[in-house]
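Engineer: sequence and predicted structure below; questions after.
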Amino acid sequence: MAVRSLRRRTAETAQDCTAPARNLAESPLAWLARRKDKDGQPMIADTEFDAGERLRADFWFAQMTPRTTANWSLLLSGGGGGKGAPDIGPEIRDSVVAAQERVKRALVAVGPDLANVLIDVCCHLRGLEASEKASGWPQRSGKIVLQIALRQLARHYGLLPSALPRDDRPVRVRHWGTSDYRPEIDPAL
């Protein structure tokens, strides 16, 4: 599925209805997907774009976006008042909790160093320059770090093959010694 032609996605349901259009002009990922590098290739691949948009959707469904107004939910639910039984607050729907868990698992899978740039660019829709400044990186390094983070995220979502060898064993470090070789430490040094 090409990102450049992606303006609407069709949902494959019984009614075969179309999903609402997304405003790709607001996404820094869409801007990077439209840009070409010096070889004429897109800055980020389609699978990387899809992984970033999937994280963004889960972040939004998990209601993890920062609030811009006051939280009136306790007042409306009757909780938090001095009279009556204490209330634990509004109940969180299962879909919200599931989305929060998906976001947490995705960020753990990419690691803490790459998670920050994903949250900034994919979830909070900050530009690369702002993310570079906040992280203290040199100019024009954010694009490379974001590409690495999106590639790891795509692997987590199963959009790219795993980085492990085909036999799914971890890569072992080879050395020149025999299997029973043990280095000795010379106490005279």
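Structural biologist: Structure's in. What do you need? Numbers count the residues shown, from 1 in each chain.

Engineer: toward the C-terminus from the helix-or-strand element of the chain with minimal mean pLDDT, list the very next helix or strand.
Structural biologist: Within the chain, no helix or strand scores below helix 73-77, which has a mean of 60 by mean pLDDT, DSSP states H and E. Sequence-wise, the next helix or strand downstream of helix 73-77 (DSSP states H and E) is helix 94-110.

Engineer: show residues contacting that next one.
Structural biologist: 55, 58-59, 61-64, 115, 118-119, 149, 152-153, 155-157 (Cβ atoms under 8 Å, 6 or more residues apart in numbering). Yep, even glycine has a C-beta here, placed from its N, CA and C like the rest.

Engineer: list the buried ones in the next helix or strand after it?
Structural biologist: Following helix 94-110 in sequence order, the next helix or strand is helix 112-118 (DSSP H and E). Neighbour counts using 16 or more other Cβ atoms under 10 Å place 114, 115, 116, 117, 118 of helix 112-118 among the buried residues.

Engineer: with pLDDT as extra columns, can I get those in CSV?
Structural biologist: What follows is those, written out as CSV (pLDDT from 0 to 100):
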residue, pLDDT
114, 91
115, 92
116, 91
117, 92
118, 93
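
Engineer: ok, so of those residues, who is nearest residue 162?
Structural biologist: Of all the buried residues of helix 112-118, residue 162 sits closest to residue 114, with 16.6 Å by Cβ to Cβ.

Engineer: tell me how far the closest one lies from residue 147.
Structural biologist: Applying Cβ to Cβ, to the nearest Å, the value for residue 114 to residue 147 is 10 Å.

Engineer: check residue 99 too.
Structural biologist: When distance is defined by Cβ to Cβ, residue 99 is 25 Å away from residue 147.

Engineer: these two: which is more packed in?
Structural biologist: Applying other Cβ atoms under 10 Å to residue 99 and residue 147 shows that residue 99 carries more neighbours, namely 19 against 16.

Engineer: pLDDT weak spots in the chain?
Structural biologist: 1-25, 71-92, 163-177, 189 (pLDDT under 70).

Engineer: residue contacts, residue 149?
Structural biologist: Counting by Cβ under 8 Å, 6+ apart, residue 149 makes contact with 110, 114, 115, 117, 118.

Engineer: now distance to residue 45 too, for those, in TSV please.
Structural biologist: TSV is the format used below for those (distance: Cβ to Cβ, whole Å):
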residue	distance to residue 45
110	16
114	16
115	20
117	17
118	16
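
Engineer: so how far is residue 120 from residue 110?
Structural biologist: Note on residue 110: its distance to residue 120, by Cβ to Cβ, is 13 Å.

Engineer: for the nearest residue to residue 132 once chain neighbours are set aside, list the residues it contacts.
Structural biologist: Leaving aside its chain neighbours, residue 132 sits nearest to residue 142 (4.1 Å; criterion: Cβ to Cβ, 6 or more residues apart in numbering). Residue 142 makes contact with 117, 128, 129, 131, 132, 135, according to Cβ under 8 Å, 6+ apart.
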